[in-house]
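# just coords:
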């Protein structure tokens, strides 16, 4: 199978872009992280996480859920180590990663950066945010659509750069026609799940998919909006 991808990041209405990402369609490795805006040096934390996880995946002979979770723990330790530097004591980051090898996908996330999966042109799953807002949704206090607007959506329960570090992982089979989307909250807060699927159904390439979603995003974002990033991935037949 052939993997193609398109990556995009934008600082939005902020002075600095605290999102980081790395994507290699050839290697089937995709990692995205969102440094927390309320903490100093969020961009340092997100870059450290992306580098540690991407490098770890690329160097692994085999990779399962446990191995990817271990890489998230290693990234957490690296951020904790860098917190010893003056001004970096409070830096934190979310992270989401996807590894495609042959007919298998392995993914993991922590915080509210998401992975969406599609198979056969239909939704196959989305990661569950580690946030107060998502807990409220799971507990029946609010609806799923309220997740996009709830006042507690930026209160994260799990991040890299703080103990205990508790990422979650998953795995699944991959077939031609599958698609994946990794994105930060600055993106998904303004593009709803049905719209992500609608743009996927119209797109012939990951870039077309991303551009369709970004057009929807730009129509809704207010002045001073957060950084936003995405990685769109297609799995296709070879030849």
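Sure, I can see it. Every value quoted in this text rests on a predicted model; they were computed, and no experiment measured them.

# for the rest of this, base every contact and every neighbour count on C-alpha atoms.
OK.

# run a quick neighbour tally on residue 149.
12 (other Cα atoms under 10 Å).

# which residue packs closest to it, ignoring adjacent ones?
Sequence neighbours aside, residue 189 is the residue nearest to residue 149 in space, at 7.8 Å (criterion: Cα to Cα, 6 or more residues apart in numbering).

# residue 229 versus the one you found, what's the distance?
In this view, residue 189 and residue 229 are 12 Å apart by Cα to Cα, to the nearest Å.

# could you do residue 210 as well?
Counting by Cα to Cα - residue 210 and residue 229 are separated by 10 Å.

# more crowded one of the two?
Higher neighbour count among residue 210 and residue 229: residue 229, with 27 against 23, using other Cα under 10 Å.

# stretch 97-106: end-to-end distance?
8 Å.

# change the start of the numbering to 797 and stick with it
Fine by me, first position is 797 from now on; the one you just mentioned is stretch 893-902.

# buried sites along that stretch?
Buried residues in stretch 893-902, counted by 16 or more other Cα atoms under 10 Å: 893, 894, 895, 896, 897, 901, 902.

# just the closest of the residues you listed to residue 981, please.
Of all the buried residues of stretch 893-902, residue 981 sits closest to residue 893, with 14.7 Å by Cα to Cα.

# looking at this, residue 865 is in a strand?
No: counting by DSSP: H, G, I helix; E, B strand; the rest coil, residue 865 falls outside a strand, being helix.

# and it, what is it in contact with?
904, 963, 964, 965 (Cα atoms under 8 Å, 6 or more residues apart in numbering).

# which one of those residues sits in the busiest neighbourhood?
Counting by other Cα under 10 Å, top hit in the contacts of residue 865: residue 904 with 24 neighbours.

# low-confidence ranges in this protein?
833-836, 1035 (pLDDT under 70).

# and residue 960, how many neighbours?
So residue 960, with other Cα under 10 Å, has 11 neighbours.

# out of the contacts of residue 865, which comes closest to residue 828?
Each of the contacts of residue 865 was checked against residue 828 using Cα to Cα; the closest is residue 904, at 10.9 Å.

# my guess is that closest one contacts residue 893. True?
Yes: the criterion here is Cα atoms under 8 Å, and residue 904 meets it with residue 893 at 5.5 Å.

# in a strand, residue 967, correct?
Yes: under three-state DSSP, residue 967 sits within a strand.

# and the residue lying closest to it once chain neighbours are set aside, what is it in contact with?
Among residues not flanking residue 967 along the chain, residue 902 sits closest, at 4.3 Å (Cα to Cα, 6+ apart). Counting by Cα under 8 Å, 6+ apart, residue 902 touches 859, 860, 861, 864, 894, 895, 896, 965, 966, 967, 968.

# can those go into a markdown table with extra columns for distance to residue 952?
Formatted as a markdown table, the contacts of residue 902 follow (distance: Cα to Cα, whole Å):
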| residue | distance to residue 952 |
| --- | --- |
| 859 | 27 |
| 860 | 26 |
| 861 | 23 |
| 864 | 21 |
| 894 | 21 |
| 895 | 25 |
| 896 | 28 |
| 965 | 18 |
| 966 | 20 |
| 967 | 24 |
| 968 | 27 |
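
# pick the one among the residues you listed closest to residue 955.
Nearest member of those to residue 955, counting by Cα to Cα, is residue 965, at 14.2 Å.

# quick one, what contacts the closest residue to residue 1008 other than its chain neighbours?
Ranked by Cα to Cα, 6+ apart and with sequence neighbours excluded, the top spatial neighbour of residue 1008 is residue 995, at 5.8 Å. Neighbouring residues of residue 995 by Cα under 8 Å, 6+ apart: 1005, 1008, 1009.
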